[in-house]
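In: predicted model and sequence follow; I will ask about them next.
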Amino acid sequence: KRAYSPAEFSANSSGGTRARMWRFFDLVAPSKKFSADTMNMDFPFSVKPDTKLSAQDVMNLTRDKYQGTKFDPAAGLRGGPFKNPNYHPRPVRVEGTTYNTPRTIGVNRAEYTTVTQCRDWLPDPIGGIVWLCFGAQDTACYMPLYIGITELPRSFQIGDHWEFDRDSARWAFDYVDFHTLVAYSHAIEDVKKAQAKWEARTVETTPAIDAFAKQLYDQDPAKAVEYLTEFCVNNADLVVNAWWKLGDDLLVKYRGLSIYDVETRKRSNLPYPEDWLKEVVRYHNLPKQAPRKK
C-alpha cells in the first residue's frame, strides 16, 4: 500500500471520496470504533468481523451507500425528492471549482460484481461458488455459478453497451436500474422484494444444493457437474426473465411520476417528501394558492 498507492486522506478530509475503507471496517467491526478521521494509510490490513458474515451479508456490503452517515449521498437536496443516492457519483464542477462527492462502496456504473465462496470441505467443483451480478449492485441480483459448471447462459455471453438487446442479461439489469432511478425511494422497495425472492432464497438453499451435489459426486463426479450446471443455468435464466418483468412492472407502476396500482386499477400521485417541497417553495418563492371560492 505504501509503495504503490500512498494517499494521506481520511473519510472526513476527502469529503467522502476516500471513505470506503473506513465504511467497510466500521460496518463489519463496529466495536473497533474506527473514526472517519483515521487516515486510510493507518488502517490495519484486515479486521475480524464482530459477528460471522454470511454470503448474503457480503453481497449487501457491496450495495452500501453510506446510509445514515454524514456521507449519505441521498441526504438533503443531493438525492432529490426520492432520495436517489446515484445522482452525483463523481465530483461536481461549479464556476471553475471542483467539489468532492462521496464515493460509495456500491457504485451505479459498476460493470459487474462478484462475491466468491471457497469451501475446502467440499470437492473442488462444488466447493467454489462465484456469485455474480451485472450492473449496479443495489438494483441487481446475485446469481450463483459453481466452479465446476461447464456451461454459461447464452444471455451472459452477449451484449453491447450501445445497442439495447433483450437477449442480453446485462441489459435486463440495466433496464431495472434505469426505471428505479425515476422514483428511487419507492421503486427500490420493489427491487428489494425481488432480491429477497430470487437472491436470498437461493442463498438459503445453497446447503441443500451442496449436499445433493456431494452425493452425486461420490457416485460419479460427472453427474454432479451436470447437476450443478443445469441448476446454475436454469436459475440464471429465471432471474434474468424476472428482471425483465420487474423492469416492465416499474415502468407501468411509476410512469408519469404517479403510482399505478395494477390490482385496483387506480392511480395516485407519487408522494413528495414535505421537507423537499418546503425547500422548493423557499428557493423559488412560490406564491400561495388562493382559497377556492365556495
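Out: All right, it came through fine.
In: and the helices in this structure?
Out: With DSSP state H as the criterion, the chain has helices at 20-28, 55-61, 124-127, 169-182, 184-195, 201-219, 221-254, 274-284.
In: counting contacts, what elements does the helix or strand bottoming out on mean pLDDT in the chain pack onto?
Out: One helix or strand of the chain scores below all others by mean pLDDT, DSSP states H and E: strand 92-94, with a mean of 85. Secondary-structure packing of strand 92-94 (3 or more CB pairs under 8 Å, 6 or more residues apart in numbering; DSSP states H and E): strand 97-99. C-beta here means a position set from N, CA and C on the backbone, and glycine is covered the same way.
In: what is the rounded mean pLDDT of the strand it packs on?
Out: Across strand 97-99, the average pLDDT comes to 88.
In: paired strands for that strand, with orientation please.
Out: strand 92-94 (antiparallel) (DSSP bridges).
In: next, the buried residues of the strand it pairs with.
Out: By neighbour count on 16 or more other CB atoms under 10 Å, the buried set for strand 92-94 is empty.
In: cool, and stretch 2-19?
Out: For stretch 2-19, burial by neighbour count (16+ other CB under 10 Å) applies to 10-12, 14-19.
In: would CSV of those with distance to residue 158 and pLDDT be doable?
Out: Shown next, in CSV, are the buried residues of stretch 2-19 (distance: CB to CB, whole Å; pLDDT from 0 to 100):
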residue, distance to residue 158, pLDDT
10, 43, 93
11, 40, 93
12, 44, 93
14, 39, 89
15, 40, 87
16, 37, 89
17, 35, 88
18, 37, 90
19, 36, 93
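In: tell me which of these is nearest to residue 274?
Out: residue 16 (26.7 Å; CB to CB).
In: quick one: residues contacting the closest one.
Out: Shown in contact with residue 16 (CB atoms under 8 Å, 6 or more residues apart in numbering): 66, 70-71, 100-103.
In: least confident pick among the residues you listed?
Out: Looking at pLDDT alone, those dip lowest at residue 100, where the score is 84.
In: residue contacts, it?
Out: Listed by CB under 8 Å, 6+ apart, the contact partners of residue 100 are 14-17, 91.
In: for it, phi and psi?
Out: Dihedral pair for residue 100: phi -70, psi 150, per degrees, to the nearest 10.
In: so who does the residue nearest to it when sequence neighbours are not counted touch?
Out: Spatial nearest neighbour of residue 100, excluding adjacent residues (CB to CB, 6 or more residues apart in numbering): residue 15 at 3.4 Å. Residues counted as contacts of residue 15 (CB under 8 Å, 6+ apart) are 99-102.
In: let's see that with 10 Å instead.
Out: Going by CB atoms under 10 Å, 6 or more residues apart in numbering, residue 15 touches 9, 70-71, 91, 99-103.
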